[in-house]
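Colleague: Pasting the sequence and the predicted coordinates here, then a few questions.
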4 protein chains.
Amino acid sequence: MKYENHCVNDIRIAYVGGGSRGWAWGLMSDLVSAADISGTVALYDIDLQAARNNAIIGEKFNHAPGAKSHWNYEACDTLADALTGADFVVISILPGTFDEMESDVHAPEAYGIYQSVGDTVGPGGIVRALRAIPMFQVIAEGIRDHCPDAWVINYTNPMTACIRTLYKTFPGIKAFGCCHEVFGTQKLLASAYADKFGGETPSRRDIKVNVIGVNHFTWLTSAQYRDVDLFPVYAEMAETYAETGYTKGKDDNWMNNTFDYNQRVKFDLFRRYGWIAAAGDRHLAEFCEGQWYLSSPEAVKAWGFGLTTVAWRKKNLANRLRRSAALLSGEEAVTLRNTGEDGVHQIRALLGLHTMTTNVNIPNVGQIPNLPLGVVVETNAVFSSGHVTPCMAGPVPMNIYGLIARIVSEQETLVEAAFNRDLEGAFTAFVNDPLVTIGLHDARELFDKMIDNTKAYLTEYFD
Amino acid sequence: MKYENHCVNDIRIAYVGGGSRGWAWGLMSDLVSAADISGTVALYDIDLQAARNNAIIGEKFNHAPGAKSHWNYEACDTLADALTGADFVVISILPGTFDEMESDVHAPEAYGIYQSVGDTVGPGGIVRALRAIPMFQVIAEGIRDHCPDAWVINYTNPMTACIRTLYKTFPGIKAFGCCHEVFGTQKLLASAYADKFGGETPSRRDIKVNVIGVNHFTWLTSAQYRDVDLFPVYAEMAETYAETGYTKGKDDNWMNNTFDYNQRVKFDLFRRYGWIAAAGDRHLAEFCEGQWYLSSPEAVKAWGFGLTTVAWRKKNLANRLRRSAALLSGEEAVTLRNTGEDGVHQIRALLGLHTMTTNVNIPNVGQIPNLPLGVVVETNAVFSSGHVTPCMAGPVPMNIYGLIARIVSEQETLVEAAFNRDLEGAFTAFVNDPLVTIGLHDARELFDKMIDNTKAYLTEYFD
Amino acid sequence: MKYENHCVNDIRIAYVGGGSRGWAWGLMSDLVSAADISGTVALYDIDLQAARNNAIIGEKFNHAPGAKSHWNYEACDTLADALTGADFVVISILPGTFDEMESDVHAPEAYGIYQSVGDTVGPGGIVRALRAIPMFQVIAEGIRDHCPDAWVINYTNPMTACIRTLYKTFPGIKAFGCCHEVFGTQKLLASAYADKFGGETPSRRDIKVNVIGVNHFTWLTSAQYRDVDLFPVYAEMAETYAETGYTKGKDDNWMNNTFDYNQRVKFDLFRRYGWIAAAGDRHLAEFCEGQWYLSSPEAVKAWGFGLTTVAWRKKNLANRLRRSAALLSGEEAVTLRNTGEDGVHQIRALLGLHTMTTNVNIPNVGQIPNLPLGVVVETNAVFSSGHVTPCMAGPVPMNIYGLIARIVSEQETLVEAAFNRDLEGAFTAFVNDPLVTIGLHDARELFDKMIDNTKAYLTEYFD
Amino acid sequence: MKYENHCVNDIRIAYVGGGSRGWAWGLMSDLVSAADISGTVALYDIDLQAARNNAIIGEKFNHAPGAKSHWNYEACDTLADALTGADFVVISILPGTFDEMESDVHAPEAYGIYQSVGDTVGPGGIVRALRAIPMFQVIAEGIRDHCPDAWVINYTNPMTACIRTLYKTFPGIKAFGCCHEVFGTQKLLASAYADKFGGETPSRRDIKVNVIGVNHFTWLTSAQYRDVDLFPVYAEMAETYAETGYTKGKDDNWMNNTFDYNQRVKFDLFRRYGWIAAAGDRHLAEFCEGQWYLSSPEAVKAWGFGLTTVAWRKKNLANRLRRSAALLSGEEAVTLRNTGEDGVHQIRALLGLHTMTTNVNIPNVGQIPNLPLGVVVETNAVFSSGHVTPCMAGPVPMNIYGLIARIVSEQETLVEAAFNRDLEGAFTAFVNDPLVTIGLHDARELFDKMIDNTKAYLTEYFD
């Protein structure tokens, strides 16, 4: 690439899933907000028109107030076209449609299994992974063939299975998975600090944490701000708000918000285990035994978080489609917003424009010594010129080792099964899931139904 | 010790729990059946009279038809007396009485939790461990102070927690735990071989297996007889008898037998995971998610195994007490029987009289590389002069890694909590148990009740 | 295979290097001495006539006094013919001729480098490995293609490089390497015991040892006979005989014997490191810094061992050729002798006829946790039906870790270089060798000469 | 501590060895150059007057042109006084005097052993470690008793042994060792980049490297500037300057400089191993077999580096003493200079004022998975609020594994021996050193002489 005056001006980014309405605009916003990089974004999407629309919208971002750099956008007809020559690949796709997700999330409810998100683990996450894995095999093969040296950033869920698939398909890949869930817990810790000591709330980036676990089920084994160990501070918060939840700074009717939660799950986990679970409560709940936080809609409400319905997602999509049209026509002007995502900063770090340490999903090369090598874990890593170097996270503490190890086992079993197009193997993962507490017979019935519901996107398994 | 003509004649064995009615007589029988060792057995029991009775009964074994060696028996007033000068220590105690066990096994039934044994894991196994651990701390201290070089053989359940306690208290201890559950699976494999190929049923000792896991939840990752890989043979058996169970050679009304099982659990696990679970079905079921095999008495019956009631144990104890009196008075003559246990052969091996390879419970020093170091695991080991050397069992296969790792985590959490006399920590282990599928609130209520029921034997936790 | 009355009667053994004069006759003797196995030995040798002669001699062994079983011998024209259908493969070849070995052993003497054996490490061992590795690649490919399930027993030196090559070429191979060097140290320990306590000298098989290290540089970290720890016993012996050496039971003029040694090297290593080096002194010396034991012929003599000249080997070969003719013609009758090798017993164990624990060379799967995985190490292993299971040897003690790790590094570098036909890489291994203490310039000169001397057997590197 | 406006104003630093003439002034300069920290430095030195003088000189630094912060200096009578209340402890001492160092460096020359530095490994480094270890035990005990939560920064050589001693004495210590040797190699890589691509020479901080090894024998397994892999760039440099050395930017008569070197050793190591050795050639040479680079003063000269004589050090000390007097009297004004050391920036990072990644010496917790746990290694680590988190360096490449592992073994043996006050054990480390190529007899003689020469500082070993 070409470096001039501490800027890089000819970066090529392939964006797989580039027709997205919403997430894509966030990335566009982050890109033009970075003064020291510019180049071309090649958009690829199975919905080519959507990619074309985003190419037009993307161009508008170059002229939004506050834009500091310029990016060309191309909509590509094929994955190969998009990948060829790429320095970076961004993957953010929906494996299937919201119809499949409707089955993922809601079909289990007939068996008393409630899922707050349904895209990571649980019955929904597992079936979603079965759809996603063959797609990611294709993407990995494309990267291997067209841009083997590119850095690959994945945002798609289920994160662990997707990243594992990339490395299993093309071991030489330079891929990592980004997730902002830990950031929220850093912010909560910043609030805990400010509540206790007064003064301004620290930036979440100044809350230094040791991250350990798997995506959406990460834990902090240390947390510090300046010279203050935040564990006792957080312990106090967890005791104080154990029953009521902590909602400061949120609007009163937060419970209307399908995505919100009041940290009660997080506090409960802390009070039992002594370690800080570091993801949204909606995610954390899905990794725990089904009777703990998700036994019924009432229980969920009592624990202070929401069940995200797919009906809501569909309605929201309709809104986003409308907004896309408005942006396209110029009816609505594009505007920059701070997404809070680290992706663009990670790209800048990999280019050598700065160095940063943040949490990331990559294969275990020993950063968590008591989990198997090769499985995908989430820990901190240093991003610098051409390297993502994991930080030693240390061993998983023994009292949460079982919680995490069973997920690792489930994910490995699932990916292996998907690679073998082996639904029996996938069922083994399914019945080992913490939410599947319904006995073997019912589990089989549910699994078969969910596979049947989504079989249009599972053709590889039936050839 | 004194070796003469390939015999050792002055062995001193301390037997903790030496007042036992039943198990002790088996050991006595095994000892006099071994021609090449003799010496003294020091019996210690909190029921001193029981130990004294067994000293008398033991002496009678020297004169039983078929006895090949002579053993002196002493009943000791104190643990220290029994241990002083011991070359070997045998531990086989009941942590508490059958009244405590009644709570362990049956109190959870009110919450829909059924336990087939209740002495290893599950609510019952956990509370039993809380009683046993302080006792084993005392025993380990005694060994450290009075016979630090002795070999220590434990038979007490919960095996994993007991062995862990011995090593945690006295890291220099030379202890291992014996269990015959794997033997039964070797016999089943021998039957599978004979059923398929005809001819005599092989001896279980000739069924060579690779053992991996934790006590009562061991798995075989290879099984071979001569040049025949037994996995396909067992696979055929598992398919054939998946629904009916395998009961050949058992009397027709085996279901009356509280200890029996027809291998359906084992076959089901094999068909799902592809590895041979190697313990009795009653034990295996307790390590699995509660809804799989233990959801109700009817389900248990359908899966072909029995729930061992404590009422039965109490009745059986009464029988054994009667038998003790009969043996003592001479009304009944002592007779030798082959217990099938390896203990005496292990003693002979440690003395250098032969070499043997068998399964054993000891700390992980790397024999299972993907489980944490230091935790107690069950694998094969070579017994030879003065050494128990674990065989490399290899990593736990990924699809059962979660099942085993969560038990390891539970046990470590439990032992740590017991050492800290921390019932909150123990509750954390409790709710992580696969059988505790009842939600946090009910789990707390049940835990508190079970602790209260057995508090007479938990005084250390309330000081 | 066919089992009848605890015998197996249709075993097929492929013998690569089957034209050997000497070693082959030992194997023949061992085979007919085993009552419970019989079958066919397929002899393959690049000297076909030698194989044919041995087929005739082999048949004679069936009729030797004391023969208990019957073996058919076939001389095969091709490696493929010999391997096809084999249950076992025995490899015992000479990589090159004694002319090449003359360069290996004696060329370095011009630079002041003396080698007592010259076939394992040191300049000679390295160049020998360069010749052997391509040969073992061919053999491994043959096994992969013609008898992938056969057990492969290697006796060829350099053992570590040969076994590593087999696994690197065909990862699914079931190969191990046998070496009797440890046996000699077991015998020495038996003598030490008898010297101290009187009575009969124990059998070396009853001296139980923990073996750790690499072939010809193995160490014992425990040694026990019955209930006696032999370390203090050996320590006494090492002190007593530190200066004089220990020659009891040897004839007076042992120093005439090019293969003999008086244990002074072994005693010196023990006195410094506290661990028992367990190979012949001639081998041990070659793994140590060149100035320690091999600085000059005079130093070697003072340390009580001999330098095996290749002139002697050539003379000896002439004798063996004469003997071959005599056996063939019947001038000399074949007679059984106890070779003391474990090979035939290992075969019997793998067939399930008995179980044994002995030392063996196989890849590290964790039996030595502080050496890299995959490298070939020597430790104990259990031989039983269809399995060679390594025993946990534990970590290499820290004070000898460097001595062993540098050899591991050298061997890995060497094998990697040989696979890449990269003589520069091999030179890197060469200058890292403990005997190559001559500076980089001289080392290069010597290396080039040795390569040139033996280039007829190194053609793969010059294509 | 007290944070105000992103500054911390009440830091207390204990400086052990605070009477230093030279190094102390550099630290003082670095401290007043940092705008965001201020506080007190407690100087402790066995030469109390020297500490007092430095307290006066330190105060002058507050008023030097360019000073941005203010530091109070106290000279303390006892170590305990200095340590009490410390937030940070800096250790930079001379273990013994230059008279001892004269023996360390020059006594071996009589045996043909030349050392370019003599303070890390080699005969000199080993004997120096024997003196330093008991001193560091005392310091560690002081920290444990007086400031257990302080961060401890060591600069004293031999670094590895000193840090190992701190952790072995007080396992809870938060200590790390700093060394600037890697920086020089980063600078060399920056030059290589500029030479090839033109333009400004990059800052060494922008040369991103993966550091692996032990102090003064570190290696780079990756090196990158922006998007450029520097390995091919360095390979070109190594080829071009293999014979002449690389001296650009140095004054012509660099060979006069006892500390200089022209990179020939580094280039030679790269050409053979393919990895970048990352320390000054004077240090690197001492870790290699004695005949490679240090066989004679002539060889050293030919390899382009200097042997640092202790005579020079003594003369230099005289100069520094004169300078101390001049600074004290005011004859010479104190001036700020950029030392290039990272120490003060590391302190700022630990306080949460910024985050940085740099190389550091700490115990191996898995950052180098194929070296033993617990040994002190040098890799990168992230410095942030209250944490030094090692980066995964990955396994040592197999062709240099032996070179590093033997040093690890030597150091561990040495520290263990020193803790046991066991000179025999230390001798074992001594004869394993790569420079000790003189045979066992001469080695013993030399060792005894060197011990005798320095016995005034080895009294602990003779009690």
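Modeller: Looks like it came in fine.
Colleague: quick one: contacts for A:G386?
Modeller: Contacts for A:G386 (C-beta atoms under 8 Å, 6 or more residues apart in numbering or on different chains) come out as A:350, A:352, D:208, D:222, D:224, D:227, D:229. Backbone N, C-alpha and C define where each C-beta goes, glycine included.
Colleague: mind running it again at 7 Å?
Modeller: Contact analysis of A:G386 by C-beta atoms under 7 Å, 6 or more residues apart in numbering or on different chains lists A:350, D:224, D:227.
Colleague: Give me the neighbour count for the first one.
Modeller: Translated: A:L350. Residues contacting A:L350 under the criterion other C-beta atoms under 10 Å in any protein chain shown number 24.
Colleague: that older thread, go through the contacts of A:G386 and say which is closest to B:E445.
Modeller: Among the contacts of A:G386, A:L350 lies closest to B:E445 (C-beta to C-beta), at 53.3 Å.
Colleague: Helix, strand or coil: sort out the residue minimising distance to the centre of chain A for me.
Modeller: In chain A, the residue lying closest to the centroid (C-alpha atoms, centre = their mean) is A:C179, at 4.1 Å. Of the three states, A:C179 takes coil under DSSP: H, G, I helix; E, B strand; the rest coil.
Colleague: For burial, what's the neighbour tally of the residue of the stretch 51-200 of chain A found nearest chain D?
Modeller: Minimum separation of the stretch 51-200 of chain A from chain D (C-beta to the nearest C-beta) falls at A:D87, amounting to 8.1 Å. Counted with other C-beta under 10 Å, the neighbours of A:D87 add up to 21.
Colleague: ditto for the one 10 residues further on
Modeller: Neighbour count of A:T97, defined by other C-beta under 10 Å: 13.
Colleague: Same question for A:D206.
Modeller: Close neighbours of A:D206, defined as other C-beta under 10 Å, add up to 17.
Colleague: Likewise for the one 4 residues further on?
Modeller: The burial metric for A:N210, expressed as a neighbour count using other C-beta under 10 Å, is 20.
Colleague: that older thread, enumerate every residue touching the residue of the stretch 51-200 of chain A closest to chain D.
Modeller: Neighbouring residues of A:D87 by C-beta under 7 Å, 6+ apart: A:1, A:11-13, A:150.
Colleague: Check it and give its pLDDT.
Modeller: For A:D87, the model assigns a pLDDT of 98.
Colleague: thinking again about what came up before, quick one: buried ones out of the contacts of A:D87?
Modeller: A:11-13, A:150 (16 or more other C-beta atoms under 10 Å in any protein chain shown).
Colleague: Please flag which of the contacts of A:D87 sit within strands.
Modeller: Mapping those onto strands (DSSP state E) picks out A:11-13.
Colleague: now those residues as CSV including pLDDT and distance to B:G330?
Modeller: Formatted as CSV, the ones in strands among the contacts of A:D87 follow (pLDDT from 0 to 100; distance: C-beta to C-beta, whole Å):
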residue, pLDDT, distance to B:G330
A:I11, 98, 96
A:R12, 98, 96
A:I13, 98, 93
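Colleague: What is the nearest of the residues you listed to chain B?
Modeller: Closest approach between those and chain B, by C-beta to the nearest C-beta: A:I13, at 34.8 Å.
Colleague: The closest one contacts A:I91, correct?
Modeller: No: here A:I13 does not reach A:I91: they are 11.2 Å apart, not a contact under C-beta atoms under 7 Å.
Colleague: near chain D, which residues of chain A show up?
Modeller: Neighbours of chain D within chain A, by C-beta under 7 Å from any C-beta of the partner chain: A:1, A:3, A:206, A:208, A:210, A:222, A:224-227, A:351-352, A:355, A:357, A:365-367, A:369, A:382, A:384-387, A:389-392, A:394.
Colleague: please redo it, this time with the cut-off set to 8 Å
Modeller: A:1, A:3, A:8, A:206, A:208, A:210, A:222, A:224-227, A:229, A:351-352, A:355, A:357, A:365-367, A:369, A:380, A:382, A:384-387, A:389-392, A:394 (C-beta under 8 Å from any C-beta of the partner chain).
Colleague: Could I have the buried ones of these as ChimeraX selection syntax?
Modeller: Buried residues within the residues of chain A next to chain D, by 16+ other C-beta under 10 Å, are selected in ChimeraX with:
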select /A:3,8,206,208,210,222,224,225,226,227,351,352,355,357,365,366,367,369,380,382,384,385,386,387,389,390,391,392,394
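Colleague: which residue sits closest to A:P372 in space, ignoring its chain neighbours?
Modeller: B:N370 (5.2 Å; C-beta to C-beta, 6 or more residues apart in numbering or on different chains).
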